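Engineer: sharing a model that was predicted from the sequence below.
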Amino acid sequence: MDMDNIEGITLTRRCHTLSHLFFVDDAIFFLEGNILECQNLANIINQYCMATGQGVNRNKSGMFFCSACPNSLQENLAREF
């Protein structure tokens, strides 16, 4: 898996697609609201953790959704992680 399997989001018509932002020890990923992208990102993160021995701190992790995303979809996407 690679980031080509993540569509990301487009902020404006003239803007490049945004799929992720990396900071010193943090990362933010932007996904379209579908199960396939969520599964792809989960696989990428799992592969990274296995390769590096690092892990995701679930106490410091979160998911944010746009207000138009139905609650049922939010729950399904959260379950993927």
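Structural biologist: Perfect, thanks for sending it.
Engineer: list the buried residues in the helix or strand hosting Gln39.
Structural biologist: Per DSSP states H and E: Gln39 is located in helix 35-52. Across helix 35-52, burial judged by 16 or more other Cβ atoms under 10 Å covers 37-38, 40-41, 44-45. Every residue, glycine included, has its C-beta placed from N, CA and C.
Engineer: got JSON lines for those residues, with pLDDT and distance to Ile9 too?
Structural biologist: Formatted as JSON lines, these follow (pLDDT from 0 to 100; distance: Cβ to Cβ, whole Å):
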{"residue": "Glu37", "pLDDT": "86", "distance to Ile9": "10"}
{"residue": "Cys38", "pLDDT": "87", "distance to Ile9": "14"}
{"residue": "Asn40", "pLDDT": "88", "distance to Ile9": "15"}
{"residue": "Leu41", "pLDDT": "88", "distance to Ile9": "13"}
{"residue": "Ile44", "pLDDT": "88", "distance to Ile9": "17"}
{"residue": "Ile45", "pLDDT": "90", "distance to Ile9": "18"}
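Engineer: tabulate those residues (JSON lines), appending distance to Met63.
Structural biologist: Shown next, in JSON lines, are the buried residues of helix 35-52 (distance: Cβ to Cβ, whole Å):
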{"residue": "Glu37", "distance to Met63": "13"}
{"residue": "Cys38", "distance to Met63": "9"}
{"residue": "Asn40", "distance to Met63": "15"}
{"residue": "Leu41", "distance to Met63": "11"}
{"residue": "Ile44", "distance to Met63": "16"}
{"residue": "Ile45", "distance to Met63": "13"}
